[in-house]
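Participant: Mind folding the following:
(one chain, ligands or ions: 1)
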Amino acid sequence: MRARPTLALAVCISLLTVCTVAAQDLGPNVHKLKDGVYVYVGSDRPNDAGPESNCGIVITQAGVVLIDTGQTPTASRAIQAAVKKLTSQPIRYVVSTETHGDHHAGDYLFSPPGVFVAHEGTIATLKDREPGDPARVERLRASSPEVRAALEGYHFVLPQIEYREKMTLNVGERTFELFYLKNAHSEADTAVWLPKERVLFSASVAVNNQFNVLRPWVDIPDILAATKMLKALSPEFVIPGHGAPGTVKIFEDQEQFYALLVDRVAKMVKDGKSLDQIKKELQMPEYDKWMTKDRIPANIDAAYNLVAARLVFKSN
Ligand SMILES: [Zn+2]
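Facilitator: Okay, the predicted model is just below:
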């Protein structure tokens, strides 16, 4: 009779040890959001470059769904190692949230076997990236021995499925709703929503604690329409394209920033200032702590375009 509690205790201790070791083994970047739902949070980069991209790891009874594949081949290898520790199940799907290379570094590690899903326009954009620059991978290989090792088995991968506007993936017991976000960041942006778990991978329509990259086709009203739609889902967790996971506050912070930016640019336009003058003089001290300050001029461009469009609209 006395042996039982001892045995039970021994089992408990060994389970506890296993669990603790397993949690530590996932590495400092991997955070658990819910049972089976993890995020690999991109590491901070030097020189105000902001953090690397985030990657979602969702375990289902029918295999793993990855949301993006990492910023660099070494980050992608860390993601691969974490997945292997979490489950012996294969990768079933790789969902891409945008076309930019900093979310695609590990596509070759996960697809195949993962079926690569992205919004329409992704194939055309990715084809431009590598066949258009055949030396890209050689440059990467030459950058460090670690990257060279991480690139072993590299092959160029394109999506097998391109969807339009909305797609639902049912994988095992989980549901993934894919939403297209128009003019939000890249040529084809996808938010991934897990309605049962209330976890939202927002893509780079939102980034946390930093200024976003706004390319010429990106439109502030479209960003705001997308974040309004995403907020209405009432997510418990929001995982932005870059930066720490959080809540809808990430969207609200961004909305406040654009409102203030557009307001200030509008006042300066009213005062007769040129775009160049605005870029030199505009101050946003409320956001001194945000990273990637070199992106402020492109944000001013977008705000200026919006203000100019409103003036044209008024005068018509
Ligand atoms: Zn991007």
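
Participant: pLDDT score assigned to residue 1?
Facilitator: Each residue has a pLDDT score; the one for residue 1 is 38.

Participant: before we move on, what about residue 36?
Facilitator: Looking at residue 36 specifically, the model assigns a pLDDT of 97.

Participant: again, but for residue 98
Facilitator: In this model, residue 98 is scored at 97, pLDDT.

Participant: Wasn't residue 32 part of a helix?
Facilitator: No: assigned with DSSP: H, G, I helix; E, B strand; the rest coil, residue 32 falls outside any helix and is strand.

Participant: List the contacts of the closest residue to it other than its chain neighbours.
Facilitator: Counting by Cβ to Cβ, 6 or more residues apart in numbering, the nearest residue to residue 32 once its immediate chain neighbours are dropped is residue 38, at 5.4 Å. Where you see a C-beta, it was placed from the backbone N, CA and C, and this is true even at glycine. With contacts defined as Cβ atoms under 8 Å, 6 or more residues apart in numbering, the neighbours of residue 38 are 26, 30-32, 56-59, 82, 86.

Participant: Just give the closest residue to the residue nearest to the spatial centre of the chain, not the sequence neighbours.
Facilitator: Centroid check for the chain by Cα atoms, centre = their mean gives residue 241 as the closest residue, at 2.2 Å. Counting by Cβ to Cβ, 6+ apart, the nearest residue to residue 241 once its immediate chain neighbours are dropped is residue 204, at 3.0 Å.

Participant: What are the neighbouring residues in contact with that neighbour?
Facilitator: Contacts of residue 204 were listed using Cβ under 8 Å, 6+ apart, and they are 97-98, 100, 103, 184-186, 189, 212-213, 240-242.

Participant: try residue 189
Facilitator: 97-98, 119, 180-182, 203-205.

Participant: Can I take it that residue 225 is in a strand?
Facilitator: No: when classified by three-state DSSP, residue 225 is found to be helix rather than part of a strand.

Participant: In terms of pLDDT, where does the residue in the stretch 101-250 of the chain positioned nearest to the ion sit?
Facilitator: Taking Cβ to the ion as the measure, the stretch 101-250 of the chain has residue 204 as its residue closest to the ion, at 4.7 Å. At residue 204 the predicted local confidence, pLDDT, stands at 96.

Participant: Same check on residue 197?
Facilitator: Per-residue confidence at residue 197 stands at 98 (pLDDT).
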